[in-house]
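Chemist: Give me coordinates for this.
(one chain, ligands or ions: 2)
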Amino acid sequence: MTKVVTLAHYYTTPEIQEMADKVGDSLELSLFARDAEADLIVFAGVRFMAETAKILNPQAKVVLPDMGSTCSLVTMTDISRLKKWREEHSDYVHVAYINSSAEHKALADWIVTSRNVDDIIAHLYEQGKKVIYSPDRNMGAFLNFQYGYDMPLWDAVCEVHDKFNKVALDEAFSLVSGDKYLIAHPESPLPVLHESDYIGSTSQMLNWVRDYNGNSSAVIFVATEDGILYNMKKARPDLDIRQAPIYTGCKCNSCPYMKLNTIEAVKAAQEGRGGTEIDYLSEELMKEAKKPIDRMLEFSE
Ligand code: 13P
Ligand code: SF4
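Modeler: Numbers count the residues shown, from 1 in each chain. Ligands and ions are numbered 1, 2, ... in the order given. Down below sits the predicted model:
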């Protein structure tokens, strides 16, 4: 019998999360995929996540329910331009965010997730290394600001988080008379991060909410994709948790690529009658892309 393991990122809908064996952030799902004893891994997330699962667990058949599930950080990155940029900085260590294609990872020395990026880059600076960071410009700008680094940055953004907006945020804050907090994902723009009480990966934000023990009538604004609001409200139904606002009139803080994981698409993938198998990565590419991922996992475990 085929052993099927279904993984879902927090940004998928509650119904999809209910269909999964494991729900998590990028780092947790990568580790789970690597160690899964599965014939078939159905990855209800986006393509770079399914590719990472395949690279870490090449024996398993990895299926992405909808091949349209990409990520703007991937589509905004032209690999031949990246190669040139990397060559222009040949004396730098290239740190790449996990939200990148397998070809991109193969051009990196280290992969990081939003959970371990601070520690890994601090580790490299402690060793006196010079670092370039790709592809997320917002995350890189935050690290440069927060720690006084001078990393040259690649210029791509998450189209969802990049829409969080300080003007809209200040307006929302002004309507709350009592205590208010903002927790944010580091893919958000720097002016929004400046206003934040806590910055972390999706799981870290969820933990912050879970552990919150301040004033129970405070409003907690969350600057990340709307899927995780389900997990936060489930963990703390007693709290007033709200999506942080984006610019007026726009209701697009939902990742269109994550939301392609519909019940029907995930079910079809689980039953072996739908989705796309990640079988297009050459052995050589997987080998090269795996090196910086392994470096990260060894560091993080
Ligand atoms: P996490 O690593 O926090 O799960 O984030 C993944 C992602 O795609 C954020 O937009
Ligand atoms: Fe990519 Fe942004 Fe969607 Fe995350 S939320 S998968 S970074 S487009």
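Chemist: List the beta-bridge partners for D240.
Modeler: V219 (DSSP bridges).
Chemist: residues in contact with it?
Modeler: D240 sits next to S217, A218, V219, I220 when contact means C-beta atoms under 8 Å, 6 or more residues apart in numbering. Where C-beta positions appear, they are placed from N, C-alpha and C, glycine not excepted.
Chemist: Close to ligand 1: what parts of the chain are there?
Modeler: D25, S26, N99, T113, S114, C158, H185, E187, S201, T202 (C-beta under 6 Å from any ligand atom).
Chemist: surely R242 meets D226?
Modeler: No: R242 is beyond contact range of D226, at 10.6 Å (criterion: C-beta atoms under 8 Å).
Chemist: who's more crowded, the two?
Modeler: Each of R242 and D226 has its neighbours counted (other C-beta atoms under 10 Å); D226 has more, 18 against 14.
Chemist: show me where this protein has helices.
Modeler: 14-18, 26-35, 47-56, 72-75, 79-88, 102-105, 117-126, 137-147, 166-174, 190-194, 202-211, 227-235, 263-270, 283-300 (DSSP state H).
Chemist: From the contacts of D240, list just the buried residues.
Modeler: Buried members of the contacts of D240, counted by 16 or more other C-beta atoms under 10 Å: V219, I220.
Chemist: Show me which of the contacts of D240 is closest to ligand 2.
Modeler: I220 (19.9 Å; C-beta to the nearest ligand atom).
Chemist: Any stretches of the chain with poor pLDDT?
Modeler: 247-252 (pLDDT under 70).
Chemist: do that again at 80, thanks
Modeler: In the prediction, the chain carries residues with pLDDT under 80 at positions 246-252, 301.
Chemist: and the gap between the nearest residue to A33 once chain neighbours are set aside and L82?
Modeler: What sits nearest to A33 in space, not counting adjacent residues and going by C-beta to C-beta, 6 or more residues apart in numbering, is A53, at 3.6 Å. Distance from A53 to L82, counting by C-beta to C-beta, to the nearest Å: 23 Å.
Chemist: which parts of this protein sit against ligand 2?
Modeler: 11, 46, 71-73, 99, 158-161, 187, 225, 255, 257-258.
Chemist: And the residue of the stretch 1-150 of the chain found nearest ligand 2, its phi and psi?
Modeler: Nearest residue of the stretch 1-150 of the chain to ligand 2, counting by C-beta to the nearest ligand atom: C71, 3.1 Å away. Main-chain torsions, C71, degrees, to the nearest 10: phi -160, psi 140.
Chemist: re earlier: just send the residues of the chain next to ligand 1 back as a markdown table, with neighbour count too.
Modeler: A markdown table is the format used below for the residues of the chain next to ligand 1 (neighbours: other C-beta atoms under 10 Å):
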| residue | neighbour count |
| --- | --- |
| D25 | 23 |
| S26 | 25 |
| N99 | 25 |
| T113 | 22 |
| S114 | 25 |
| C158 | 25 |
| H185 | 27 |
| E187 | 26 |
| S201 | 23 |
| T202 | 26 |
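Chemist: that older thread, mind putting the helices of the chain into TSV with distance to V5?
Modeler: Converted to TSV, these look like this (distance: least, C-beta to C-beta, whole Å):
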stretch	distance to V5
helix 14-18	14
helix 26-35	8
helix 47-56	10
helix 72-75	24
helix 79-88	30
helix 102-105	21
helix 117-126	27
helix 137-147	29
helix 166-174	39
helix 190-194	35
helix 202-211	19
helix 227-235	20
helix 263-270	10
helix 283-300	18
